[in-house]
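[1] Using only what follows, build the 3D model:
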Amino acid sequence: MLNAIQVQSSALLIFCISLLEFLFLIPVVIYTRKKKISFVQYLKESLIKQEPRKNQLIFMIISIILAFAMIFVGASIIFLQSRLISLFLGESALQEASSNLNQFIVVKPTILDIFIYGIACFVTIAPNEELFFRGFLVKKMPFSRSRNVLLSSIFFSVYHLLTTFDLYSILYMFLYYFIWGIVFSLIYLGCKEQLLFPIITHGLFDLLLFLL
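    You can find the predicted model right below:
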């Protein structure tokens, strides 16, 4: 779910830029040092817990199914947002919103492009975003769990729109990212706060979007 100025690019460039998402580790490192706990151990305990193999398999299957389901839900969200903007702000606003969306475009991706982007999805983008927005904000913010989920989803939306400077485009996409923030949070909580499963859903969803 990378955002940037719309430009034809390569998967390798996207991967290199995605390395910036390791900056999300900084707050977690600061937290673990403040609490005087092992950063590596914190990561291990956040990623997966000791659960019966049957439960882990069920969580895995659900995570994969949700990634595919999100493709259809995402299309529905975009359609709904388009109709709302067109209805309340007019067709010109909708045209401006859709034409100013920030994204990288890989034209006719090769097998190597798909492989490199897949690494970016599952090694840099999904793990770092899920660790910060779910494993850190949802779990550690000093509010109720429901409020933490809402705030984390808002921050998730803002992050993905940081490079979008068009107001209509922000209105067009905010709900889209907010809903995904809620979905990933629910997967995280539903899978007993194990980050592995929202990472699977997040990474696979991003990869499917790349392929479509």
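
[2] Please, which helix or strand holds the nearest residue to Leu211 once chain neighbours are set aside?
    The shortest distance from Leu211 to any residue that is not its chain neighbour, by CB to CB, 6 or more residues apart in numbering, is 6.8 Å, and that residue is Ile114. To be clear about C-beta, it is placed using only N, CA and C from the backbone, and glycine gets the same treatment. Take DSSP states H and E as the rule and Ile114 turns out to sit in helix 111-119.

[3] Name the residues that touch that helix?
    Contacts of helix 111-119 with the rest of the structure, by CB atoms under 8 Å, 6 or more residues apart in numbering, involve Ser10, Ala11, Leu12, Ile14, Phe15, Val106, Pro109, Gly203, Leu207, Phe210, Leu211.

[4] Show the average pLDDT along that helix.
    If you average the pLDDT over helix 111-119, you get 89.

[5] what do you get for stretch 47-57?
    Throughout stretch 47-57, pLDDT has a mean value of 88.

[6] what number of residues lie near Tyr181?
    No, residue 181 isn't Tyr; it's Gly. Residues near Gly181, counting by other CB atoms under 10 Å, number 27.

[7] Make 44 the starting number, not 1.
    Understood, numbering begins at 44; the last thing we discussed is Gly224.

[8] thinking Ile213 is in contact with Leu204, fair?
    Yes - the pair formed by Ile213 and Leu204 meets the contact definition of CB atoms under 8 Å, at 5.3 Å.

[9] who's more crowded, these two?
    Leu204 (21 against 15).

[10] Got the phi and psi for that one?
    The phi and psi values for Leu204, taken as degrees, to the nearest 10, are phi -110, psi 10.

[11] Could you check how far the strand or helix carrying Leu68 is from the centre of its chain?
    Leu68 belongs to helix 68-78 when elements are defined using DSSP H and E. In this view, helix 68-78 has its centroid 21 Å away from the chain centroid, taken as CA atoms, centre = their mean, to the nearest Å.

[12] quick one: buried residues of that helix?
    Of the residues in helix 68-78, those buried under the neighbour-count criterion (16 or more other CB atoms under 10 Å) are Leu68, Val71, Thr75.

[13] residues in contact with the nearest residue to Cys164 once chain neighbours are set aside?
    Leaving out its chain neighbours, the residue that sits closest to Cys164 by CB to CB, 6+ apart is Gly246, at 4.1 Å. Contacts here follow CB under 8 Å, 6+ apart; on that basis Gly246 touches Gly161, Cys164, Phe165, Ile168, Ala169, Pro170.

[14] So the second one belongs to a helix, correct?
    Yes - residue assignment for Cys164, taken from DSSP: H, G, I helix; E, B strand; the rest coil, places it within a helix.

[15] Can you give me the distance of it to Phe248?
    Taking CB to CB, to the nearest Å as the criterion, Cys164 is separated from Phe248 by 9 Å.

[16] repeat for the third one
    Computed with CB to CB, the distance linking Phe165 and Phe248 is 11 Å.

[17] can you pull out the helices in the protein?
    Taking DSSP state H as the criterion, the chain contains helices spanning 54-61, 68-78, 82-90, 96-132, 134-142, 154-162, 169-175, 182-183, 188-203, 210-233, 239-254.

[18] Done for today, thanks.
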